[in-house]
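K.L.:
predicted structure and sequence below. I'll ask about it afterward.
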Amino acid sequence: SVSANVEYYGFGSSIRHLPKPVKQEILYLLSQLKSLRKIDLRRSLTGPIDCDFTLLSNLEYLDLGSCDIMKVPETICSLYKLKYLNLAVNKLRETPEDLANLENLEYLLLHKNKISIFHDTYAAFNKLKYLNLYLNMYRRIPEQVWNYATLETFSWGVSPVSEISDDIGKLKNLKYFTFVGNRITELPKSFTSLENLKATRLHKNRITELPTDIDRMINLEQITLYQNNIQYLPQKFVELKKLQKLNLAQNNFSTFPFELLSLASLEWLAFFQNTNIVKIPEKTHFELISQRPFTASNGEIKHDFNIN
């Protein structure tokens, strides 16, 4: 039996291999629990979800990640109190236009699917804080994204996109930005106006240089730039006083940027496999200047410790 007043149900992978009729019975029982606020079915299901979510009017959290689903149940679009929706790592080729009815949605995870259309109706997501569209079939970044004024985290990657719109500067609350495995050669001028940005992952692109006014990004703590085409750092890079983690591996530097040693907060640095490197600091010289336990050998410069 199941209590009618239960607010949370989660299964993990514990029911994934149960017979289909048993799983359908479980889903039916869940769909009758009007008091539910959170359902976690991640990795629990395989294939189509035959469940009517209409009665779950109090649901705020729904995780259907890694369930091999190919279609989003339409009744999800009636969950008006929903704040968190995970549909990632499935086999979706589309999502319902009426998903826009979820006016309280704050977290939307759609990564690792085969979705190619981000509907115009999704402009209605005016409370969105977290959006992950990484590894889908989109040909361009949806224009609606740049108008999500509340957005704090945005992830995009592995696409043919060759530029980021200057409208990214409108995302004044953005703190974490991932843009991996694309074809950009430069960052838009407005990028440095993102003064609340704490961490950005820009690796596996074709970036040749960083903005000269990067010092405006006063809250940057982590930058990942490996596998780009960067040859030098802008003069004001050393004014990133909060920078803790920097990955410049596999770029086109010809000399080690000794100016990095003045970054007092820097705790982790990767600089290996820079194809044009002709000089790296000796270990003793590097430690003498930085007063931190770096190692340097065979073109590799990195800490003796790491950050999770």
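P.N.:
Looks like it came in fine.
K.L.:
quick one: which helix or strand includes the residue positioned nearest the centre of the chain?
P.N.:
Residue closest to the average C-alpha location in the chain (Cα atoms, centre = their mean): Ser155, at 3.3 Å. Using DSSP states H and E, Ser155 sits in strand 153-157.
K.L.:
contact partners of that strand?
P.N.:
111, 129-135, 141, 145, 171, 174-182 (Cβ atoms under 8 Å, 6 or more residues apart in numbering). Backbone N, C-alpha and C define where each C-beta goes, glycine included.
K.L.:
measure Ile115 to Tyr148 for me?
P.N.:
According to Cβ to Cβ, to the nearest Å, Ile115 and Tyr148 sit 17 Å apart.
K.L.:
give me the more crowded residue out of the two.
P.N.:
Legend: neighbour count by other Cβ atoms under 10 Å for Ile115 and Tyr148, higher for Tyr148 (23 against 19).
K.L.:
which ones are touching the more buried one?
P.N.:
By Cβ under 8 Å, 6+ apart, the contact set of Tyr148 is Phe125, Asn126, Leu128, Leu131, Leu171.
K.L.:
now the last one. Nearest residue, chain neighbours left out?
P.N.:
The shortest distance from Leu171 to any residue that is not its chain neighbour, by Cβ to Cβ, 6 or more residues apart in numbering, is 5.4 Å, and that residue is Leu151.
K.L.:
so that neighbour sits right up against Asn132, yeah?
P.N.:
No. The criterion here is Cβ atoms under 8 Å, and Leu151 misses it with Asn132 at 11.2 Å.
K.L.:
neighbour count winner among those two?
P.N.:
The residue with more neighbours, out of Leu151 and Asn132, is Leu151; 24 against 20, by other Cβ under 10 Å.
K.L.:
in which helix or strand does Thr178 reside?
P.N.:
Here Thr178 is assigned to strand 176-180, by DSSP H and E.
K.L.:
parallel or antiparallel, which strands does that strand pair with?
P.N.:
strand 153-157 (parallel), strand 199-201 (parallel) (DSSP bridges).
K.L.:
contacts for the shortest one, please.
P.N.:
Contacts with strand 199-201, where a contact means Cβ under 8 Å, 6+ apart, come from Lys175, Tyr176, Phe177, Thr178, Phe179, Val180, Leu220, Glu221, Gln222, Ile223, Thr224.
K.L.:
identify the bridge partners of the closest residue to the second one other than its chain neighbours.
P.N.:
Using Cβ to Cβ, 6+ apart and skipping the chain neighbours, the partner closest in space to Tyr176 is Thr153 (4.3 Å). With DSSP bridges applied, Thr153 shows beta-bridge pairing to Tyr130, Tyr176.
K.L.:
so for Thr153, what's the pLDDT?
P.N.:
Note on Thr153: pLDDT of 98.
K.L.:
state the distance from it to Thr185.
P.N.:
Going from Thr153 to Thr185 by Cβ to Cβ gives 25 Å.
K.L.:
for Asp167, same thing?
P.N.:
19 Å.
K.L.:
can you check Asn147 too?
P.N.:
The value you get for Asn147 to Thr185, if Cβ to Cβ is used, is 26 Å.
K.L.:
please apply the same query to Arg201.
P.N.:
From Arg201 to Thr185 the distance is 17 Å (Cβ to Cβ).
K.L.:
how about Lys38?
P.N.:
With Cβ to Cβ as the criterion, Lys38 and Thr185 are 44 Å apart.
K.L.:
same check, this time on Lys23
P.N.:
Taking Cβ to Cβ, one finds Lys23 at 49 Å from Thr185.
K.L.:
also Lys175?
P.N.:
For Lys175, the distance to Thr185 - Cβ to Cβ - is 25 Å.
K.L.:
where in the stretch 151-300 of the chain is pLDDT low?
P.N.:
Residue ranges of the stretch 151-300 of the chain with pLDDT under 70: 278-300.
K.L.:
now do the helices in it.
P.N.:
Counting by DSSP state H, counting those that start in this stretch, the stretch 151-300 of the chain has helices at residues 283-290.
K.L.:
so what's His119 closest to, chain neighbours aside?
P.N.:
Residue nearest to His119 in three dimensions, not counting chain neighbours: Glu97, with 4.6 Å by Cβ to Cβ, 6+ apart.
K.L.:
scratch that, Gly47 is what I was asking about
P.N.:
Per Cβ to Cβ, 6+ apart, closest to Gly47 is Asp68, 5.5 Å.
K.L.:
my guess is that neighbour contacts Ile49. True?
P.N.:
No. Between Asp68 and Ile49 there is no contact under Cβ under 8 Å: 9.8 Å.
K.L.:
these two - which one has more neighbours?
P.N.:
It is Ile49, of Asp68 and Ile49, that has more neighbours when counted by other Cβ under 10 Å, with 21 against 14.
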